[in-house]
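In: just to be clear, the model below is a prediction. Sequence and coordinates:
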Amino acid sequence: MSSRSPALTYDTTPRSDLRRFGQMLRLAGRDLLEQLTLLGMGNLATAAATIILPLLPFALAGMWHVAAAIAEEEEPGWEAFWDGATGENIRPFLAAVVAAAGYALCWMNVRFYARPQVPLPFPADARVILALRLFWGTMTLLWTLLWLYAGGVMALDRLPPGKAAACAFRLLRDHPLFAFLLGALVVAVLALTAFVPAILVLLFWAVLATISVRSVQLLRHGYPIPRPPG
């Protein structure tokens with residue numbers, strides 16, 4: 001057992017991806033319920049930052065910093081969001097540029113192959129078009145999971161974006177069932193947001209931050225156990 005947080009120790013007993021996913025849901029749900037006010041305020045600030053896009057990466061850094069502080073059994077206040085948003089220099093912006101470039105590539109291809117008549121330079125039947133649509137949809141989801149993991153690594157382990165992305169790739173590779181279940185959860189959250197847009201303003205980023213941080217914590221460190229006081 002080891003821990004980078006003085007308030008925690010970690011149980012590193014091997015667990016299945018299915019069990020770890022269940023633990024992640026329980027821990028992230030507890031975080032949201034117990035820190036709803038703070039996470040909700042952070043979500044409102046992050047949603048407001050989408051109006052001025054250059055501010056969004058720093059607001060996201062603040063949101064993830066709050067989620068990491070909660071996961072490490074700290075008692076964060078609003079200053080945790082501010083510290084996360086202002087204490088990482090240009091790293092959040094660099095990570096956002098790379099993430100946005102990947103999303104732009106995926107989105108261009110998703111839109112291209114979503115046309116009723118796809119202007120390909122070679123003849124292709126409907127099955128080929130369907131396969132290409134599924135491929136780019138899957139790539140978009142995998143890119144999202146990669147950056148959810150990377151965000152959790154940057155928040156918990158304070159690694160720069162490049163090293164965090166490398167760790168995130170290893171987590172995707174080494175825990176495929178967990179990634180599949182996490183992807184299904186992200187799709188469900190996005191679908192719920194589409195039907196209830198208010199969630200975007202009230203809880204969307206908070207949910208992503210908590211499941212991101214808790215997933216990385218469980219996969220990289222183990223099950224967190226609070227140290228007894230004193």
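Out: Done, it's in.
In: pLDDT at D17, what is it?
Out: Confidence at D17, expressed as pLDDT, is 97.
In: what about it, how many neighbours?
Out: Residues lying near D17 (other C-beta atoms under 10 Å) number 18. Every C-beta, even on glycine, is put in place using the N, C-alpha and C of the backbone.
In: was I right to think it contacts L181?
Out: Yes - taking contacts as C-beta atoms under 8 Å, D17 lies within contact range of L181: 7.5 Å.
In: for P14, grab phi and psi.
Out: Listed backbone geometry of P14 is phi -60, psi 140, with angles given as degrees, to the nearest 10.
In: what is the burial count for A45?
Out: Applying other C-beta under 10 Å, we find 18 other residues in the vicinity of A45.
In: for A179, same thing?
Out: As a burial measure, the neighbour count of A179 was computed by other C-beta under 10 Å and equals 23.
In: could you find the closest non-adjacent residue to it?
Out: Closest residue to A179 in three dimensions, ignoring its sequence neighbours and counting by C-beta to C-beta, 6 or more residues apart in numbering: L172, at 5.2 Å.
In: same deal with L56?
Out: Excluding the flanking residues, the one nearest L56 by C-beta to C-beta, 6+ apart is A49, at 4.6 Å.
In: show me the contacts for the residue nearest to A179.
Out: The contact partners of L172, by C-beta atoms under 8 Å, 6 or more residues apart in numbering, come to L142, L145, L146, Y149, A179.
In: relative to W143, how far out is G137?
Out: Taking C-beta to C-beta, to the nearest Å as the criterion, G137 is separated from W143 by 11 Å.
In: could you list the low-pLDDT ranges of the protein?
Out: Flagging of the chain using pLDDT under 70 yields the residue ranges 1-5, 121-122, 124, 229-230.
In: which residue is nearest the middle of this protein?
Out: Most central in the chain under C-alpha atoms, centre = their mean is L148, positioned 2.5 Å from the mean C-alpha point.
In: check which helix or strand covers the residue lying closest to L142 once chain neighbours are set aside.
Out: In this structure, L142 finds its nearest non-sequential neighbour in L172, 7.0 Å apart by C-beta to C-beta, 6+ apart. L172 belongs to helix 161-174 when assigned by DSSP states H and E.
In: just how off-centre is that helix within its chain?
Out: On the basis of C-alpha atoms, centre = their mean, to the nearest Å, the separation between the geometric centre of helix 161-174 and that of its chain is 13 Å.
In: I'd like the next helix or strand past it.
Out: Next in sequence after helix 161-174, counting helices and strands by DSSP H and E, comes helix 176-195.
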